[in-house]
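J.: Pasting the sequence and the predicted model now:
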Amino acid sequence: MKKSIFGLMTAACAAAAFSFSAAAADYSVSTDGSTSMEKTIGSLGEAFMEKYDGAAFTYNPTGSGSGIAAAKEGRCDIGLSSRALTAEEQQTLDGTTLALDGIVIVVNPQNPISDLTVQQIADLYTGKITNWKDLGGADGPVVLIGREAGSGTRDGFETVTGTKDQCAYRQELTATGDVITTVSQNPNAVGYASLSAMSDKVKAVSVNGVAASEETVLDGSYKVQRPFVLVTRKGEQLSEGAQAFFDFALSDEAKPIIAQSGVVPLNK
Amino acid sequence: MNLLDKNNKDTVESIAGTIFLVLGIVNIAFVLLICIYLIIAGLPAIGKIGIIDFLFGTKWASTAAEPKFGILPFILTSIYGTAGAIVIGLPLGFFSALYLAKIASHKVRITVEPLIDLLAGIPSVVYGFIGMLVLVPAIRSIFDLPDGASLFAAIIVLAVMILPSIIKVSITALEAVPEEYELGSLALGANEIETYCRVVVPAAKSGIAAAVVLGVGRAIGEAMAVMMVAGNAANMPSLFESVRFLTTAVASEMSYSSGLQREALFSIALVLFVFIMLINAVLNVLLKRGGVKRK
């Protein structure tokens, strides 16, 4: 008697498990591209797999360029780009902006400088300006604090300011928190950090007269920002799983997840 | 009955033997796994970059459009940093050990020794954090530098971190010297300090050498504390410049690395591994020699 009940339960469990996986069996989505989007897309993927039990989600961190190429050649369902698509790319591809990544330039609270232009920031980081007095600040050597090679924030900052591979960092730290602590300790330091990680210990510099905030990032007036773009082929139906992920990523449900990963979800 | 008991005992013994054997094999398997994995993961990038360019290249720019993978700055920084830590840490540690083992009263010793153990138990991230908040700004203002995160800051942190192992091993070495040596020296009219410096220390020198090598091993393998105070820019080492150690080169870029960059990081780990193997080999030789001498 006992045995038969046990057997029945096992069968029921198996059936339940089977029916679950059957519902999402063909939900599979492959993404490829920007390494900066790792955190955002990774947490979205996790939530997606949790929501549709049994769905398969893959992410291949190759960089924006190869992600766009992969989307174009159909090697992945959705390409990931942390820059806007060019006019040429837009002829064959659709770019849907998922979120905006705002990068704040921070200085020590004692530093009288409160506004910089993008050009001045580039000059600081490439070592053209080495003393704060050249920008109207106190007489003191500029100490450049940055992130380690491969960091998404560093990549974003260097891309926006056009200083790729030219930055003469004094310190390369591995966490946003470390950057903020270091800048707060040194009156001559300047660093950059994700908008979401801002703290009172340091002063955020406005860029071209615009202070960084979610609003100014969203309306585009704050310049040191970049979009996180989902790239799909024009006029082509996404697979069922990819469409489900695409809709999920742009839904209201996904917004807190995106915000959690440190970027500003785009209101749509 | 007796026979059964014996049989039982034999079974227990053989089971226990098997369990110990399995646990021992698991342990060895870990070591082998790590060695083999590091070699497999580390060699390809060295091949692609070229061993000369890799070991003696002076420029590291792993994510540049034309990446450069030269780790000479890291190797030199690790060597200088470790040497600096020993230069500062050894006299401090050695004289503390001499004092505690021979001169200090029992009361002082039982108070200080647990404190040294405590020093050994502090997590390295705490050393790094205090270094970052106290030492780095202090170095900046004392030496009037633009920024205090430097090789010098790392050396100080490492020197403090290796103190416990140097003190502990030195105390053991000093106490292993037979009392007759001391008594003989004192009987010949030497005073206490003369006895310690001329008789006890030379007799304990292999043990003290072991302490140094242990300190070197700890200093060269430390990553977290160093990462927080050294600045991590891939410069050629200079005392007051921002530098990157072998350990921090691996740790700082690993999380977002990909492709050849990641492979090169494994290669750095392999180089570090070889360094530590060499240090361990030296340590073993020293300890063996010390053991023979004492007999």
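T.: It's in.

J.: Tell me how many other residues crowd A:Val183.
T.: The number of residues packed near A:Val183 is 28, by other CB atoms under 10 Å in any protein chain shown. Every C-beta, even on glycine, is put in place using the N, C-alpha and C of the backbone.

J.: List the contacts of it.
T.: A:Val183 is in contact with A:Val106, A:Val107, A:Asn108, A:Ile145, A:Ala189, A:Val190, A:Gly191, A:Lys201, A:Val202, counting by CB atoms under 8 Å, 6 or more residues apart in numbering or on different chains.

J.: Can you narrow those down to the ones near chain B?
T.: With CB under 8 Å from any CB of the partner chain as the criterion, the contacts of A:Val183 include A:Ala189 near chain B.

J.: Close to chain A: what parts of chain B are there?
T.: B:61-65, B:132-133, B:136-137, B:140, B:146-149, B:227-228, B:231-234, B:242, B:244, B:251-253, B:255-258, B:261.

J.: all helices of the chain, in order?
T.: No chain specified, so I'll use chain A. Assigned helices in chain A, in chain order: A:2-23, A:38-51, A:64-72, A:87-90, A:118-126, A:152-161, A:176-185, A:214-218, A:240-250, A:255-260 (criterion: DSSP state H).

J.: The chain in question should be chain B.
T.: Using DSSP H, the helices of chain B run over B:2-49, B:51-56, B:72-98, B:106-121, B:124-130, B:136-142, B:151-175, B:179-187, B:192-195, B:201-203, B:205-221, B:224-229, B:246-254, B:259-294.

J.: Pull out the buried members of the residues of chain B next to chain A.
T.: B:62-63, B:132-133, B:136-137, B:140, B:146-149, B:227-228, B:231-234, B:242, B:244, B:251-253, B:256-257, B:261 (16 or more other CB atoms under 10 Å in any protein chain shown).

J.: avg pLDDT for stretch A:93-102?
T.: Stretch A:93-102 carries an average pLDDT of 90.

J.: Quick check: buried residues in it?
T.: Buried-residue list, stretch A:93-102, by 16+ other CB under 10 Å: A:Leu93, A:Asp94, A:Gly95, A:Thr96, A:Thr97, A:Leu98, A:Ala99, A:Leu100, A:Asp101, A:Gly102.

J.: Could I get the CA-only coordinates of that stretch as PDB?
T.: This file holds the C-alpha atoms of stretch A:93-102, laid out as PDB (Å, rounded to 0.1, in the frame of the first residue of the first chain):
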ATOM      1  CA  LEU A  93      19.500  46.500 -37.600                       C
ATOM      2  CA  ASP A  94      17.100  47.800 -35.000                       C
ATOM      3  CA  GLY A  95      18.500  49.200 -31.900                       C
ATOM      4  CA  THR A  96      16.300  49.300 -28.800                       C
ATOM      5  CA  THR A  97      17.700  51.300 -25.900                       C
ATOM      6  CA  LEU A  98      17.400  49.300 -22.700                       C
ATOM      7  CA  ALA A  99      19.000  51.700 -20.300                       C
ATOM      8  CA  LEU A 100      21.400  54.600 -19.900                       C
ATOM      9  CA  ASP A 101      24.700  54.500 -18.100                       C
ATOM     10  CA  GLY A 102      25.600  57.800 -16.500                       C
END
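
J.: Point out where the chain drops to low pLDDT.
T.: No chain in the question, so chain A it is. A:1-26, A:267-268 (pLDDT under 70).

J.: wait, chain B
T.: Across chain B, the ranges flagged by pLDDT under 70 are B:1-4, B:290-295.

J.: try 80
T.: Applying pLDDT under 80 to chain B picks out residues B:1-7, B:65, B:255-259, B:286-295.

J.: Leaving out the residues flanking it, which one is nearest to the residue nearest to the spatial centre of it?
T.: Compute the mean C-alpha point of chain B, and by CA atoms, centre = their mean the closest residue is B:Arg218, 1.2 Å away. Once flanking residues are discounted, B:Arg218 sits nearest to B:Ile162: 5.1 Å by CB to CB, 6 or more residues apart in numbering or on different chains.

J.: and the nearest residue to B:Met161 once chain neighbours are set aside, how far is that from chain A?
T.: Beyond its immediate neighbours in the sequence, the residue positioned closest to B:Met161 (CB to CB, 6+ apart) is B:Tyr127, lying 5.8 Å away. In this view, B:Tyr127 and chain A are 15 Å apart by CB to the nearest CB, to the nearest Å.

J.: before we move on, what about B:Arg289?
T.: Distance from B:Arg289 to chain A, by CB to the nearest CB: 42 Å.

J.: What is the burial count for the nearest residue to that residue once chain neighbours are set aside?
T.: Leaving aside its chain neighbours, B:Arg289 sits nearest to B:Ser206 (5.5 Å; criterion: CB to CB, 6+ apart). Residues near B:Ser206, counting by other CB under 10 Å, number 19.

J.: before we move on, what about B:Ile156?
T.: Neighbours around B:Ile156, by other CB under 10 Å: 20.

J.: which residues touch it?
T.: B:Ile88, B:Gly131, B:Leu135.

J.: for chain B, what are the nearby residues on chain A?
T.: Contact residues, chain A versus chain B (CB under 8 Å from any CB): A:35, A:38, A:61-62, A:140-143, A:148-152, A:155, A:164-165, A:169-174, A:178, A:181-182, A:185-186, A:188-189.

J.: thinking again about what came up before, check the contacts of A:Val183 and tell me the two furthest apart.
T.: A:Val190 and A:Lys201 (14.2 Å; CB to CB).

J.: returning to that earlier point: narrow the residues of chain B next to chain A to those in strands?
T.: B:Ala61 (DSSP state E).

J.: A:Asp178 contacts B:Met228, doesn't it?
T.: Yes. Counting by CB atoms under 8 Å, A:Asp178 touches B:Met228, with 7.0 Å between them.

J.: so what sits against both of those two?
T.: When contacts are counted by CB under 8 Å, 6+ apart, the set common to A:Asp178 and B:Met228 consists of B:Met132.

J.: doesn't A:Pro187 make contact with A:Pro141?
T.: No. In this structure A:Pro141 lies outside contact range of A:Pro187 using CB under 8 Å: 10.6 Å.

J.: Neighbour count for those two, which is higher?
T.: A direct count of neighbours by other CB under 10 Å for A:Pro141 and A:Pro187 places A:Pro187 higher, at 18 against 12.

J.: residues contacting that one?
T.: A:Pro187 makes contacts with A:Asn108, A:Gln110, A:Asn111, A:Ala138, A:Gly140, as judged by CB under 8 Å, 6+ apart.

J.: redo that, cut-off 7 Å
T.: Shown in contact with A:Pro187 (CB atoms under 7 Å, 6 or more residues apart in numbering or on different chains): A:Asn108, A:Gln110, A:Asn111, A:Gly140.

J.: Equivalent analysis for B:Gly259, please.
T.: Contact analysis of B:Gly259 by CB under 7 Å, 6+ apart lists nothing.

J.: quick revisit: and the helices of chain B, which is most packed in?
T.: Using mean count of other CB atoms under 10 Å in any protein chain shown, the stretch among the helices of chain B with the largest mean neighbour count is helix B:224-229, at a mean of 27.

J.: Dump the C-alpha coordinates for that helix into PDB.
T.: Extracted C-alpha coordinates of helix B:224-229, given in PDB (Å, rounded to 0.1, in the frame of the first residue of the first chain):
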ATOM      1  CA  MET B 224      44.200  42.100  -1.200                       C
ATOM      2  CA  ALA B 225      46.000  44.400   1.200                       C
ATOM      3  CA  VAL B 226      48.500  45.400  -1.500                       C
ATOM      4  CA  MET B 227      45.800  46.100  -4.000                       C
ATOM      5  CA  MET B 228      44.300  48.700  -1.700                       C
ATOM      6  CA  VAL B 229      47.400  50.700  -1.100                       C
END
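
J.: Does anything pack onto that helix? Which helices or strands?
T.: For helix B:224-229, the packing partners by 3 or more CB pairs under 7 Å, 6 or more residues apart in numbering or on different chains; DSSP states H and E come out as helix B:124-130, helix B:151-175, helix B:246-254.
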